[in-house]
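J.: Give me coordinates for this.
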Amino acid sequence: MAAAWRRLRDRAQFQALLSTRPVARSPHFALHCWSPPREGLHAGAAAPEVAALFAPPGAVWIGAMTPKRWARRAVTRNLMRRQIYAVFGQSSAPLPAGAHLIRLRAGFDAAKFPSAASLALRRAVRGELLTLLASA
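T.: The predicted structure follows:
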């Protein structure tokens, strides 16, 4: 059963997550996370503005970023985005409240994956995403 989560939509949400350091990295992907500050802890000056971007405090936000720089064809970018959301949706462990962004940070070898949306590419992306989430 898929967990209830929301997708990142606004540019400001993506920018807020990209300003954080990656929590985990794989050869092709990076995972950026932001969690709401716990009560009683000093969260910094920008915390209220960032918290307002991810309005319900207990919600889980998911985002996928696949730039043209690393995946030229739209079919490849869409395949990667679908795999990212599928891996989050099928995750057995509940995600902590906050925002999570997976960013493509390197391209896949065109010689190894000549087709833009091959089954081999789909399996490689999915396997790498699973290891990325397990390491986080």
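J.: partners of the residue most central in space within the chain in the sheet?
T.: When C-alpha atoms, centre = their mean is applied to the chain, the residue found nearest the centroid is Ile102 (2.2 Å). Ile102 forms beta bridges with Leu31, Ala64, as assigned by DSSP bridges.
J.: Show me where this protein has its helices.
T.: Assignment of helices within the chain using DSSP state H yields the ranges 11-18, 47-53, 74-89, 119-135.
J.: Identify all contacting residues around the first one.
T.: Judged by C-beta atoms under 8 Å, 6 or more residues apart in numbering, the contacts made with helix 11-18 from elsewhere in the structure are 8, 32-34, 50, 53-54, 61, 63, 65, 99-101, 103. For glycine as for every other residue, the C-beta is placed from the backbone atoms N, C-alpha and C.
J.: And the lowest mean pLDDT element among the helices and strands of the chain?
T.: Here the helix or strand of the chain ranked lowest by mean pLDDT, DSSP states H and E is helix 47-53, holding a mean of 77.
J.: pretty sure Pro37 contacts Val50?
T.: No - judged on C-beta atoms under 8 Å, Pro37 makes no contact with Val50 at a distance of 9.3 Å.
J.: hmm, back to that, for the least confident helix or strand of the chain, which residues meet the burial criterion?
T.: Val50, Ala51, Leu53 (16 or more other C-beta atoms under 10 Å).
J.: Against which helices or strands is it packed?
T.: The contact analysis (3 or more C-beta pairs under 8 Å, 6 or more residues apart in numbering; DSSP states H and E) places helix 47-53 against helix 11-18.
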